[in-house]
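[1] Could you work out the structure for the sequence below:
(one chain, ligands or ions: 2)
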Amino acid sequence: MKIFSTCHNHCTMCDGKNTAAEMINAAIAAGFTDFGMSCHSRFAPEQNSTIKSDDEYIDAMRLLQKEYAGVINFSVGIEQDMLAPVKKRSAYDYLIGSVHSFFNERNGTYYSVDASPNELKACIDDMFGGDAPAMVRAFYAATATNARKYQPDVIGHFDLVTKFNDGDKFFDENSAEYKNTALDALAACVQTGAIFEVNTGGVYRGAKSEFYPAPFLLEALYEMDAKITLTADAHCVDAIDFGLSQALEQVQKIGFKSVFLLKNGKFNEIAV
Ligand SMILES: [Zn+2]
Ligand SMILES: [Zn+2]
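    Ligands and ions are numbered 1, 2, ... in the order given. Sure, this is the predicted structure:
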């Protein structure tokens, strides 16, 4: 079976490299029947990496949805950062809930865990006194809170905190402490009934050698009978279906018998 839709994609209305129409055309060329846009929710103070206004984004996307009706089922989602909740969730077809950043109240600074190794290092030093495991604990605590508080349809890149940690540069991903911290948050997120994404974006961008989430987390998701979807978190047309067949193969090997995919505008359980 071939993956025929993805729900996690970006365009030039946030930090994507291609316009939404270019992304949709690439999805059609890839043989998709459905495609969902999920720009980053508006972050204040104003940032180039997020949408500038919910209304402007929704209007533009709904127009495209009409234009492409009958060609591809286009859905209008949002990737909501925990620190940037949308005003009106019902205006979107679905919501991806993600944790990307910490806010340091003492100096009024945001630190992304996925922007650069230097920014992650500054976060660990400035907010956690150089204690990387403490940062990791805070990240997963935020992830669990985000899932409970906002009940997203999809949990975005569950272990994004590992993006710049290949080779255990900042913390030991094989330690029992790390695994238990991540697994506790995973179980809390599963409780909400959300769909977890297997996200190939970190590998596409050359930051990681494995997809999010790590294999031990995927195995735990399988054991907990959790729902999963496959996404490329595409920020450009070349990434539109990157790694989806490998991700599918990986989850099938673990034992998953189905994935949740957008079909006719809704998440449907698809046997694989
Ligand atoms: Zn994200
Ligand atoms: Zn994204």
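[2] Make sure R148 is actually in contact with G193.
    No. With contacts defined as CB atoms under 8 Å, R148 does not count as touching G193, sitting 11.4 Å away. For every residue, glycine as well, the C-beta is placed using N, CA and C.
[3] do you know how far D159 is from ligand 2?
    14 Å (CB to the ion, to the nearest Å).
[4] Would you mind confirming that that residue makes contact with T181?
    No. Using CB under 8 Å, D159 is not in contact with T181, being 10.5 Å away.
[5] Out of these two, name the residue with the larger neighbour count.
    The residue with more neighbours, out of D159 and T181, is D159; 25 against 20, by other CB atoms under 10 Å.
[6] Could you give the number of residues near the closest residue to that one other than its chain neighbours?
    Leaving aside its chain neighbours, D159 sits nearest to P213 (4.7 Å; criterion: CB to CB, 6 or more residues apart in numbering). By other CB under 10 Å, 24 other residues sit near P213.
[7] ok, now which ones touch P213?
    When contacts are counted by CB atoms under 8 Å, 6 or more residues apart in numbering, P213 touches H157, F158, D159, L186, F196, V198, L221.
[8] where's it relative to ligand 2, distance?
    For P213, the distance to ligand 2 - CB to the ion - is 15 Å.
[9] Quick check: the gap between that residue and A132.
    19 Å (CB to CB, to the nearest Å).
[10] so where's the chain shaky on pLDDT?
    45-46 (pLDDT under 70).
[11] can we see that at 90?
    For the chain, the stretches with pLDDT under 90 are 1, 43-48, 107.
[12] where exactly do the strands run in it?
    34-40, 73-81, 94-98, 101-104, 109-112, 154-155, 195-199, 227-231, 258-263, 266-271 (DSSP state E).
[13] With distance to R137 and mean neighbour count added, can I get those in TSV?
    Output for the strands of the chain, formatted as TSV (distance: least, CB to CB, whole Å; neighbours: other CB atoms under 10 Å):
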stretch	distance to R137	mean neighbour count
strand 34-40	25	26
strand 73-81	20	24
strand 94-98	18	25
strand 101-104	12	18
strand 109-112	15	17
strand 154-155	18	27
strand 195-199	20	26
strand 227-231	25	24
strand 258-263	29	20
strand 266-271	31	14
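[14] closest to ligand 2 out of those?
    Closest to ligand 2 of those is strand 73-81 (CB to the ion; 4.8 Å).
[15] And the closest one, what does it pack against?
    strand 34-40, helix 54-67, strand 94-98, strand 258-263 (3 or more CB pairs under 8 Å, 6 or more residues apart in numbering; DSSP states H and E).
[16] Run me through the strand neighbours of it, direction for each.
    Strand pairing for strand 73-81, using DSSP bridges, gives strand 34-40 (parallel), strand 94-98 (parallel).
[17] Redo these as JSON lines? Include distance to ligand 1.
    Converted to JSON lines, the strands paired with strand 73-81 look like this (distance: least, CB to the ion, whole Å):
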{"stretch": "strand 34-40", "distance to ligand 1": "7"}
{"stretch": "strand 94-98", "distance to ligand 1": "4"}
